[in-house]
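>>> all I have is the shape, not the residue letters:
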């Protein structure tokens, strides 16, 4: 990998436009990072900067369109609109370059024309058509050392999901005018460690290289989009929450491992004894909660019918006296075949029961689907997830301390020594105990 841009990096953008040195005033030099030998400099002089097209054996190809948003100009007479950069959730809403005093037809200004052309290629019905599509390289101006000019932040690679005409107002007379606004998908660069390899852009600028050849250098998510089109936009959109999602394969014990064998044993033991598994789940949940150093009351089990998304109730005590508080913990236990996935809908049953300040805990012998985890993280649900692999690891710790490592002897002893009552009480009543 050659020179690269990492999402969130701030670069020095000087008037001198020199490609050296590599860093200026402690910031990466924009012109050094974006240098393509033998080619004109990449520029961010305007809001929309379309690189010159190159003629390949397959036709004309635009290497990229570089976008620059200047938040400090938002609301001014020159720039009355406000661009939205929600890079965390992979969304940018960017206004075109038609101005109140522009006499050209709407869509014919240099920037809007380039983006509308890019939009057409981003909507191409075939993979061949999408392979030639120009990526949008997203930047926004940031203030550093008290100066609003001279620094830009790289915000990622984008493609246009939607373009629409909008009526705006601006200019000294506050008149209305028509412009374009573009909704952009910021592409996920997780596979590239959140970096864009500039070699891809350099290759796109080379007329001797085919679309298929340069596509091999593109980010993985971009290649996925080229292959499948609009249908995979939700999958390839950048989501920071994905970093907190554990892939299903990583939740499963290694094939042939002791954890895999023990998980199967525990599943078979409780497959026809769900009530006993609720006891075990409550015990493991208590161990996990106490690992934070706080006091935890195991509470009780709920009645089998009409539990409404909760199998056991506990209480987490934080602090003490006037500096303390008590939190209700609602637990769900699901003994399912290892490898089976818990869905977002199943977790939602627990979430639906939670009140302000309550915590949920879900214990299963299976795994949690990635969409379920993503929804939980994005919506900030206060739910602790314990999958089958982690369940066995927690039991191994208990067995290693008190039962010489004999897992099932430990499990049976835990069941016989814990007499959790089955009560028909409201969860909040545990705060009174």
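That came through fine. If you're wondering where the values come from, they're calculated on a predicted model, not measured in any experiment.
>>> make it CA atoms for all contacts and neighbour counts henceforth
Noted.
>>> show me the contact partners of stretch 219-227.
127-128, 130-131, 187-189, 191-192, 196, 215-216, 232-233, 236 (Cα atoms under 8 Å, 6 or more residues apart in numbering).
>>> near residue 255, how many other residues are there?
9 (other Cα atoms under 10 Å).
>>> so it, which state does it fall into?
coil (DSSP: H, G, I helix; E, B strand; the rest coil).
>>> against residue 262, how distant is it?
Per Cα to Cα, to the nearest Å, residue 255 is found 12 Å from residue 262.
>>> what's the answer for residue 87, then?
Distance from residue 87 to residue 262, by Cα to Cα: 43 Å.
>>> what's the closest of the contacts of stretch 219-227 to residue 407?
Distance to residue 407 across the contacts of stretch 219-227 (Cα to Cα) is lowest for residue 191, with 38.6 Å.
>>> do you know how far the nearest residue to the closest one once chain neighbours are set aside is from residue 301?
Excluding the flanking residues, the one nearest residue 191 by Cα to Cα, 6 or more residues apart in numbering is residue 220, at 6.6 Å. Note on residue 220: its distance to residue 301, by Cα to Cα, is 47 Å.
>>> which of those two has more residues huddled nearby?
Legend: neighbour count by other Cα under 10 Å for residue 220 and residue 301, higher for residue 301 (24 against 18).
>>> tell me the contacts of the more buried one?
278, 279, 311, 312, 313, 420, 421, 422, 423.
>>> gap between it and residue 269?
19 Å.
>>> wasn't residue 266 part of a helix?
Yes: under three-state DSSP, residue 266 falls within a helix.
>>> what's the local residue count around it?
20.
>>> please apply the same query to residue 90.
Based on other Cα under 10 Å, the number of other residues close to residue 90 is 22.
>>> likewise for the one 10 residues further on?
Counted with other Cα under 10 Å, residues neighbouring residue 100 total 22.
>>> test my guess that it contacts residue 169.
Yes: the pair residue 100 / residue 169 is scored as a contact, 7.4 Å apart, by Cα atoms under 8 Å.
>>> residues of the strand of greatest length in the chain that come out buried?
In the chain, taking DSSP state E as the definition, the longest strand is strand 151-170. Residues 151-161, 163, 168-170 are the ones in strand 151-170 that count as buried (16 or more other Cα atoms under 10 Å).
>>> closest to residue 350 among those residues?
Looking across the buried residues of strand 151-170 and measuring by Cα to Cα, the closest to residue 350 is residue 161, at 34.9 Å.
>>> dump the residue contacts of that closest one.
Residue 161 neighbours (Cα under 8 Å, 6+ apart): 119, 122, 182, 183, 184, 185.
>>> at 7 Å instead, please
With contact taken as Cα atoms under 7 Å, 6 or more residues apart in numbering, residue 161 is in contact with 183, 184, 185.
>>> ranking by neighbours, what's the top pick from these?
Going by other Cα under 10 Å, residue 185 tops the contacts of residue 161 with 25 neighbours.
>>> ok, residue 403 touching residue 412?
No: here residue 403 does not reach residue 412: they are 10.8 Å apart, not a contact under Cα atoms under 7 Å.
>>> between the two, who's got more neighbours?
residue 403 (16 against 12).
>>> quick check on the more buried one: phi, psi?
Note on residue 403: backbone dihedrals following degrees, to the nearest 10 are phi -140, psi 30.
>>> strands of the stretch 251-400 of the chain, start to end?
295-302, 312-318, 325-334, 341-342, 359-364, 367-368, 383-386 (DSSP state E, counting those that start in this stretch).
>>> one more: the stretch 1-150 of the chain?
Under DSSP E, counting those that start in this stretch, the stretch 1-150 of the chain gives strands at 4-6, 10-12, 23-24, 27-29, 48-50, 54-56, 59-61, 65-69, 84-86, 91-95, 136-141.
>>> make CSV from those and add mean neighbour count and distance to residue 380 to it.
Formatted as CSV, the strands of the stretch 1-150 of the chain follow (neighbours: other Cα atoms under 10 Å; distance: least, Cα to Cα, whole Å):
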stretch, mean neighbour count, distance to residue 380
strand 4-6, 18, 26
strand 10-12, 24, 29
strand 23-24, 15, 39
strand 27-29, 19, 34
strand 48-50, 23, 36
strand 54-56, 15, 47
strand 59-61, 16, 43
strand 65-69, 24, 30
strand 84-86, 16, 17
strand 91-95, 21, 19
strand 136-141, 23, 28
